[in-house]
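Need a 3D model of the sequence below.
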Amino acid sequence: MKYFYSFLMLLSIQFTYAQADILDKLMEDQKPKREFVAYTFKSTRVINGQSVEMTKKNALDFRVSHRFGDIAASNQDHIHTLFGFDQASDIGIFFEYGITDDLAVGSSRVKAAGPMTQLWTLNLKYRVLKQTKDFKIPFTISLYGNTSISSMLSSGDISTVNYFPKGYAGFSHRLSYLLQSLIAVKANDWLSLQLSPTFVWRNNVPMDDKNGMFFLGFSGRAKFNKRMGFIFEYFLPIMKPGIGGREYFPMVRGMKNAAYYPSIHIGLEFETGGHVFDVNFTNSAGMLENDFLAYNPHNWAQGQFRLGFTISRTFQLDKKGRKQKYWKAGSVEDPEPKTPAAAPKEGSPK
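Model (predicted):
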């Protein structure tokens, strides 16, 4: 009889554990799944500056950017240059490859508009945090860094930034670096905001300037629909006034011909046929952070702003990604297109 009772006890314990497993499974299924926010920005760049968005795994992002000359800097030149269309202040070609959905590497070549031109860069970008739709994680954070090197010929003037002596010293003078934190929130379906604390280091600088500089970037996107939106950028130098001719809010204070003005960029972005295209107006002649953040003597109030554009296309290099031809159905922000039901043949039962 004792064996019978022992058997019943073991059976009861096993049944209790089975019920507990079923209950845990039901509770787990009832827990809401965490949903992450998608498309805080349309592209990996807002205008000139980086956004928190990443190039997807096994995808290659290719973009070409162009900045024309000043639109209205003088009453004579802007007519003869067709409001800057005859000039090119900067041209850039950018590549970025997604190693994972949260890690990307890239390279670029830009003409540049400052005293250090012909810039080649290598960059790394990593997303450390994603915003959730329930705002339990209230923002997305990405980290970005690059190394830039100039391939321009050395100047014979030792006082210039582009004087490169022979040997290691000359090579190091060509280098500059950038570190950036990108903190963004998608406030609702149509508004995204981003804060970009930035540090730029240049190995060789003018006599009255500093090697290391801090900047604070503000970016935004107001979406009209899934294909079009308004974009904005503003970069403010955070340093002691007077260094390198930099003063706080020189445009607001009505300062003309200052050595430096903060960068203000506005634009419209469009998605068309699988491409992301933006048209922008900016007082920055350059488009790489190492260049336009460090050197920008152009004042909106004096007509020293220019038209620019960027066109971007992402190529999915794996077989699975190549099947997602979203541009045939709509925007990349549309949900997965549903396969339409086949129409019944004539004579077949409906």
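
in stretch 55-69, what's buried?
When neighbours are counted by 16 or more other CB atoms under 10 Å, the buried residues of stretch 55-69 are found to be 55-61, 63, 65-69. C-beta coordinates here come from the backbone N, C-alpha and C atoms, glycine included.

Inside strands: which ones of these?
Counting by DSSP state E, the buried residues of stretch 55-69 place A59, L60, D61, R63, S65, H66, R67, F68, G69 in strands.

Against G286, how distant is the spatially closest residue to L129 that is not a sequence neighbour?
Spatially, and ignoring its direct neighbours in sequence, L129 is nearest to I141 (4.2 Å; CB to CB, 6 or more residues apart in numbering). Taking CB to CB, to the nearest Å as the measure, I141 and G286 are separated by 26 Å.

just G49 next, same as before
Here G49 is placed at a distance of 12 Å from G286 (CB to CB).

likewise Q131?
Remark: distance between Q131 and G286 (CB to CB) = 31 Å.

Comparing these two, which shows the higher neighbour count?
Neighbour tally, Q131 and G286, criterion other CB atoms under 10 Å: the higher count belongs to G286, 28 against 21.

ok, the residue nearest to L129 - contacts?
Contacts were defined as CB atoms under 8 Å, 6 or more residues apart in numbering; by that measure I141 touches V52, R127, V128, L129, S181, L182, I183, A184.

Of the residues you listed, grab the buried ones for ChimeraX.
Only the buried members of these enter the following ChimeraX selection, criterion being 16+ other CB under 10 Å:
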select :52,127,181,182,184
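
Contacts for stretch 192-199 next, please.
Counting by CB under 8 Å, 6+ apart, 40-41, 46, 49-52, 178-187, 212-221, 223, 235, 289, 293 sit against stretch 192-199.

at 6 Å what do you get?
If you take CB atoms under 6 Å, 6 or more residues apart in numbering as the criterion, stretch 192-199 is touched by 40-41, 179-186, 214-217, 219-221.

Likewise for stretch 85-104?
Outside stretch 85-104, the residues within contact range by CB under 6 Å, 6+ apart are 54-57, 59-69, 81, 105-111, 113, 125-127, 285-287.

in the stretch 151-300 of the chain, which spans are strands?
Residue ranges of the strands in the stretch 151-300 of the chain, as given by DSSP state E, counting those that start in this stretch, are 175-186, 191-202, 212-223, 228-238, 263-272, 275-282.

For the second one, which strands pair with it and how are they oriented?
With DSSP bridges as the test, strand 191-202 is paired with strand 175-186 (antiparallel), strand 212-223 (antiparallel).

The shortest one too?
The pairing partners recorded for strand 275-282 under DSSP bridges are strand 263-272 (antiparallel), strand 306-316 (antiparallel).

Now the first one: average pLDDT?
Spelled out, it's strand 263-272. Mean pLDDT, taken over the full extent of strand 263-272, equals 94.

Centre of the chain to that strand, how far?
12 Å (CA atoms, centre = their mean, to the nearest Å).

buried sites along it?
Within strand 263-272, the residues that qualify as buried are S263, I264, H265, I266, G267, E269, E271, counting by 16+ other CB under 10 Å.

and which of these is nearest G242?
Using CB to CB, S263 comes nearest to G242 of those, at 19.3 Å.

how close does the closest one sit to F68?
Per CB to CB, S263 is found 16 Å from F68.

again, but for Y261
In terms of CB to CB, Y261 sits 18 Å off from F68.

where are the low-confidence patches of this structure?
Per-residue confidence of the chain (counting by pLDDT under 70) places the weak regions at 1-32, 74-78, 319-332, 334-350.

same thing but at 50, please
When the per-residue scores of the chain are filtered using pLDDT under 50, the ranges that remain are 4-5, 7-8, 11, 15-17, 326-329, 336-343, 348-350.

Which parts of it are helices?
Per DSSP state H, the chain carries helices over the ranges 2-30, 77-80, 168-173, 289-292, 319-322.

which residues touch the third one?
Just to be clear, that refers to helix 168-173. Among residues not part of helix 168-173, those counted as contacts by CB under 6 Å, 6+ apart are F164, N203, N204.

repeat that with 10 Å
By CB atoms under 10 Å, 6 or more residues apart in numbering, the surrounding residues in contact with helix 168-173 are 116, 149-150, 154, 161-165, 202-205.

Only alpha carbons, please: show that helix as PDB.
This file holds the C-alpha atoms of helix 168-173, laid out as PDB (Å, rounded to 0.1, in the frame of the first residue of the first chain):
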ATOM      1  CA  TYR A 168      55.400  61.500 -39.900                       C
ATOM      2  CA  ALA A 169      54.700  65.100 -38.700                       C
ATOM      3  CA  GLY A 170      53.500  66.000 -42.200                       C
ATOM      4  CA  PHE A 171      51.200  62.900 -42.400                       C
ATOM      5  CA  SER A 172      49.700  63.700 -38.900                       C
ATOM      6  CA  HIS A 173      49.000  67.300 -40.000                       C
END
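
Quick one: distance of that helix to the chain centre.
30 Å.

Return the set of buried residues in that helix.
Applying 16+ other CB under 10 Å to helix 168-173 flags H173 as buried.

Same check on stretch 157-166?
Using 16+ other CB under 10 Å as the burial criterion, the residues of stretch 157-166 that qualify are V161, N162, F164.

Show me how far that stretch is from its chain's centre.
In terms of CA atoms, centre = their mean, the centre of stretch 157-166 is set 33 Å apart from its chain centre.

Which one of the buried residues of stretch 55-69 is nearest to H275?
Comparing the buried residues of stretch 55-69 against H275 with CB to CB picks out R63 as the nearest, at 9.5 Å.
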